[in-house]
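Asks: Got a predicted structure plus its sequence, pasted below:
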There are 2 protein chains.
Amino acid sequence: MGEGVIIAVDLGGTQTRAARLDQQLRIVERDSRPTVTTSAQTVVDGVVASVRAVWPQDGTPVLGIGLGSPGPLDPFTGVILSPPNLPMRGFPLGDVLKEALGVPVTIGNDANAAALGEYVRGAGRGTRNMIYMTVSTGVGGGFIVDGKLLAGARGLGGEPGILLMAVEPDDVRMFETLVSGPHITRMAREAIATGVESSLKNVADFNTKDVGEAARAGDTLALSVINRAATLLGVGIVNLLHLFDPERIVIGGGVTKLGSLLFDPMWAAIRQHVSTPAYLDGFQIVPAELGGDAGLIGAGILALADGGRGDVSAFVD
Amino acid sequence: MGEGVIIAVDLGGTQTRAARLDQQLRIVERDSRPTVTTSAQTVVDGVVASVRAVWPQDGTPVLGIGLGSPGPLDPFTGVILSPPNLPMRGFPLGDVLKEALGVPVTIGNDANAAALGEYVRGAGRGTRNMIYMTVSTGVGGGFIVDGKLLAGARGLGGEPGILLMAVEPDDVRMFETLVSGPHITRMAREAIATGVESSLKNVADFNTKDVGEAARAGDTLALSVINRAATLLGVGIVNLLHLFDPERIVIGGGVTKLGSLLFDPMWAAIRQHVSTPAYLDGFQIVPAELGGDAGLIGAGILALADGGRGDVSAFVD
């Protein structure tokens, strides 16, 4: 690859972030601005402005732009399909940005980009089979299988959050609705509404962090709802072990700030339900290391390595 | 690769089968005998005898032996870990057979071998991302991701049967217990025991096929238990779509003989629960084509292509 830089974009429902990266994927300059979700055009205008804010001023060529966006999207065509938080249903974002900016644009799922970032520069280094999961208001993820991002036939693979859990055919739930932050607080609210005692009664509009603090102080209800989510998170992780048998799962997202309140019952469920302890030989669950930079560094890889679907080992530190 | 043949073995809890294959993976000669499960040694003796029965009599060299066995097992070391139906816990089958037969022996999970067989010679041809599932007394499977068998870090990946389903932390079920043949008949028996009317009352010791016949004749209970299993099978398949986004799922195993009784409600559940119809663009679910030969042909690939973990495209017809 010739001289030049990469521009990475992390497009979210609330923030649009861009960064200029050198070819070693180091972040050289950043921009961040609110995403204006009035229309597809206002979103595009924000991306273009953010990219221009980090465009090299000295004439260094921009080799390509990589952009992570909420899915579902088609990484082969750059078309956004039906994102929950962006007014871009069926929108050809890749082509529109390429036209506006005059350089190749590669688009990928934001959680896949973060997975690539953690894999090459963060907590996934040194593995060949790694799963990245982010657990916050929802659950997202990305899967590295034998050194490559699992994309699937249409680029729609790697979605652990929408894993379905059901024992009865008429009671099918999405994994993320069972383990995410909003679920934890909703469970606590519902229990309080039925008269269950809890120190959370006195906290107006409490959030996951408040539930965590109450649990640390010994609140029985808070402990119980966190335990429940953590146990089901462990069950979901066992599913990923049985299917993917990774060396490591990297977990990011706000819910992980619950720390051992979350991780202890999660590990207990994993040990209880794994079909053979062989899956746990050398297996680790570690916190993500790069925070929001994972998505930017990963978006850079989207631009450099065939949408991240090629072997990205060459980028590993 | 030089001149010579491959010997493939399908080691099961009831039958041991061996076949001599040419380098185009065509089966030239077969042997089959009951598996004697008295001890690890009796199992080994049966495998050795079956291999010798198909050994070339004209001095043609045997390049290698590939063997599919019930898991869990370690395909990198050839050690059988804890198979439910074989007395071989922690048994170094690969080394023992290599010592006895004097040629390289590669061991893999039997369902992974069948997946490889269907991928290169059967119903999976023409795809790059394919899932093979067998639904009978249990559920087994194998996953082809971007042209390669998904093995995982320890070779333990690709086990859809032990996918856990849970909505409540204290009610965790294995996928295969919800959709397999024994589950269908057990559900019917339990309902009859509680007084539910059914023509199956008059069938002594009925099996899945009997339940299918009763359903075809309009028996409400039989229809209901098949519907339930088919719906949960559809839910499980949606999980595989969301995670792997395959072009095709190939289904084998006795339960598939239920035909549209199974496939119609299964497809209804898939359409109902898939997160976006984009997953269904060009997606197919097709019956397996090779029957028991899938496992033998796949075992041949184990011997030829780095335990089947290399790119096996070269073997595709």
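Replies: Perfect, I can see it now.
Asks: hey, where'd the helices end up in the stretch 201-317 of chain A?
Replies: Remark: helices assigned in the stretch 201-317 of chain A by DSSP state H, counting those that start in this stretch are A:208-216, A:220-244, A:260-273, A:293-304.
Asks: relative orientation of the third one and helix A:208-216 in degrees?
Replies: Going by axes from the mean of the first three to the mean of the last three Cα atoms, to 10 degrees, helix A:260-273 is angled at 80 degrees with respect to helix A:208-216.
Asks: same question, the last one
Replies: Between the axis of helix A:293-304 and that of helix A:208-216 there is an angle of 130 degrees, by the same axes, to 10 degrees.
Asks: What residue, apart from its backbone neighbours, is nearest the residue nearest the centre of chain A spatially?
Replies: The centre of chain A sits closest to A:Ala111, judged by Cα atoms, centre = their mean, with a distance of 3.3 Å. In this structure, A:Ala111 finds its nearest non-sequential neighbour in A:Gly140, 3.3 Å apart by Cβ to Cβ, 6 or more residues apart in numbering or on different chains. Backbone N, C-alpha and C define where each C-beta goes, glycine included.
Asks: Whichever helix or strand that neighbour is part of pairs with which strands, and in what direction?
Replies: Here A:Gly140 is covered by strand A:139-145, with elements defined by DSSP states H and E. In the sheet, strand A:139-145 lines up against strand A:130-135 (antiparallel), strand A:148-149 (antiparallel) (DSSP bridges).
Asks: ok, now how distant is the nearest residue to A:Thr37 once chain neighbours are set aside from chain B?
Replies: Nearest residue to A:Thr37 in three dimensions, chain neighbours excluded: A:Pro87, at 5.7 Å (Cβ to Cβ, 6+ apart). Between A:Pro87 and chain B the computed distance is 17 Å (Cβ to the nearest Cβ, to the nearest Å).
Asks: Model confidence at A:Pro87, what's the number?
Replies: Looking at A:Pro87, its pLDDT is 95.
Asks: Can you report how many residues neighbour it?
Replies: As a burial measure, A:Pro87 scores 15 neighbours (other Cβ atoms under 10 Å in any protein chain shown).
Asks: And for A:Val36?
Replies: Using other Cβ under 10 Å, A:Val36 has 14 neighbouring residues.
Asks: How about the one 5 residues further on?
Replies: A:Gln41 has 13 neighbours, counted by other Cβ under 10 Å.
Asks: Could you list the low-pLDDT ranges of the stretch 1-150 of chain A?
Replies: Counting by pLDDT under 70, the stretch 1-150 of chain A has low-confidence residues at A:1-2.
Asks: just so I have it, where are all the helices in it?
Replies: Using DSSP H, counting those that start in this stretch, the helices found in the stretch 1-150 of chain A span residues A:40-53, A:93-101, A:110-121.
Asks: in the strand holding A:Gly140, what counts as buried?
Replies: Neighbour counts over strand A:139-145 (16 or more other Cβ atoms under 10 Å in any protein chain shown) mark A:Val139, A:Gly140, A:Gly141, A:Gly142, A:Phe143, A:Ile144, A:Val145 as buried.
Asks: picking up where we left off before, tell me the most buried of the helices of the stretch 201-317 of chain A?
Replies: Most buried of those, by mean neighbour count (mean count of other Cβ atoms under 10 Å in any protein chain shown): helix A:293-304, with a mean of 29.
Asks: what's the spacing between the residue located most distally from the centre of chain A and A:Ala49?
Replies: Distance from the C-alpha centroid of chain A peaks at A:Gly195, with 36.1 Å (Cα atoms, centre = their mean). As judged by Cβ to Cβ, to the nearest Å, A:Gly195 and A:Ala49 stand 52 Å apart.
Asks: before we move on, what about A:Phe315?
Replies: On the measure of Cβ to Cβ, A:Phe315 and A:Ala49 end up 28 Å apart.
Asks: if you count what's nearby, which of these two comes out ahead?
Replies: More crowded of A:Phe315 and A:Ala49, by other Cβ under 10 Å: A:Phe315, with 21 against 13.
Asks: isn't that one right up against A:Gly298?
Replies: No: judged on Cβ atoms under 8 Å, A:Phe315 makes no contact with A:Gly298 at a distance of 10.1 Å.
Asks: export the strands paired with strand A:139-145 to a markdown table and tack on mean neighbour count?
Replies: Listed next are those as a markdown table, based on neighbours: other Cβ atoms under 10 Å in any protein chain shown:
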| stretch | mean neighbour count |
| --- | --- |
| strand A:130-135 | 28 |
| strand A:148-149 | 26 |
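Asks: closest to A:Thr42 out of those strands?
Replies: Among the strands paired with strand A:139-145, the nearest to A:Thr42 by Cβ to Cβ is strand A:130-135 (26.1 Å).
Asks: Give me the contacts around that closest one.
Replies: A:111, A:114-115, A:118-119, A:124, A:139-144, A:160, A:179-181, A:233, A:240, A:244, A:246-256, A:288, A:294 (Cβ atoms under 8 Å, 6 or more residues apart in numbering or on different chains).
Asks: looking at the helices of the stretch 1-150 of chain A, which is closest to A:Ser69?
Replies: helix A:110-121 (5.8 Å).
Asks: Could you check the angle that closest one makes with strand A:130-135?
Replies: Put simply, helix A:110-121 runs at 130 degrees to strand A:130-135, going by the same axes, to 10 degrees.
Asks: returning to that earlier point: which neighbours do A:Phe315 and A:Gly298 share?
Replies: A:Val120.
Asks: so who does the residue of the stretch 51-200 of chain A at minimum distance from chain B touch?
Replies: The stretch 51-200 of chain A approaches chain B most closely through A:Gly152 (2.4 Å), counting by Cβ to the nearest Cβ. Shown in contact with A:Gly152 (Cβ under 8 Å, 6+ apart): A:Gly158, B:Asn129, B:Phe244, B:Asp245, B:Pro246.
Asks: and A:Leu116, how many neighbours?
Replies: 34.
Asks: which ones are touching the closest residue to it other than its chain neighbours?
Replies: Spatial nearest neighbour of A:Leu116, excluding adjacent residues (Cβ to Cβ, 6+ apart): A:Gly298 at 3.7 Å. Going by Cβ under 8 Å, 6+ apart, A:Gly298 touches A:8, A:66, A:68, A:108, A:112-118, A:120, A:308.
Asks: Mind pulling up the pLDDT for A:Gly298?
Replies: pLDDT, read off for A:Gly298, is 96.
Asks: gap between it and B:Phe263?
Replies: Taken as Cβ to Cβ, the span from A:Gly298 to B:Phe263 is 39 Å.
Asks: For the stretch 201-317 of chain A, which residues are neighbours of chain B?
Replies: Counting by Cβ under 8 Å from any Cβ of the partner chain, the stretch 201-317 of chain A comes close to chain B at A:227-228, A:231-232, A:235, A:238-239, A:241-247, A:269, A:273, A:275-276, A:278-279, A:281-283, A:309.
Asks: related to what we said a few turns ago, mind listing residues that contact the strand holding A:Gly140?
Replies: The contact list for strand A:139-145 (Cβ under 8 Å, 6+ apart) reads A:109-116, A:119, A:124, A:127-134, A:149-150, A:157-161, A:175-176, A:179-180, A:244, A:246, A:253, B:145, B:150, B:243.
Asks: Compute the inter-axis angle for that strand and helix A:220-244.
Replies: Using the same axes, to 10 degrees: strand A:139-145 against helix A:220-244 is 30 degrees.
Asks: and strand A:139-145, how far from the chain's centre?
Replies: Taking Cα atoms, centre = their mean, to the nearest Å, one finds the center of strand A:139-145 at 8 Å from the center of the full chain.
Asks: Tell me how many other residues crowd A:Pro277.
Replies: Neighbour tally, A:Pro277, other Cβ under 10 Å: 11.
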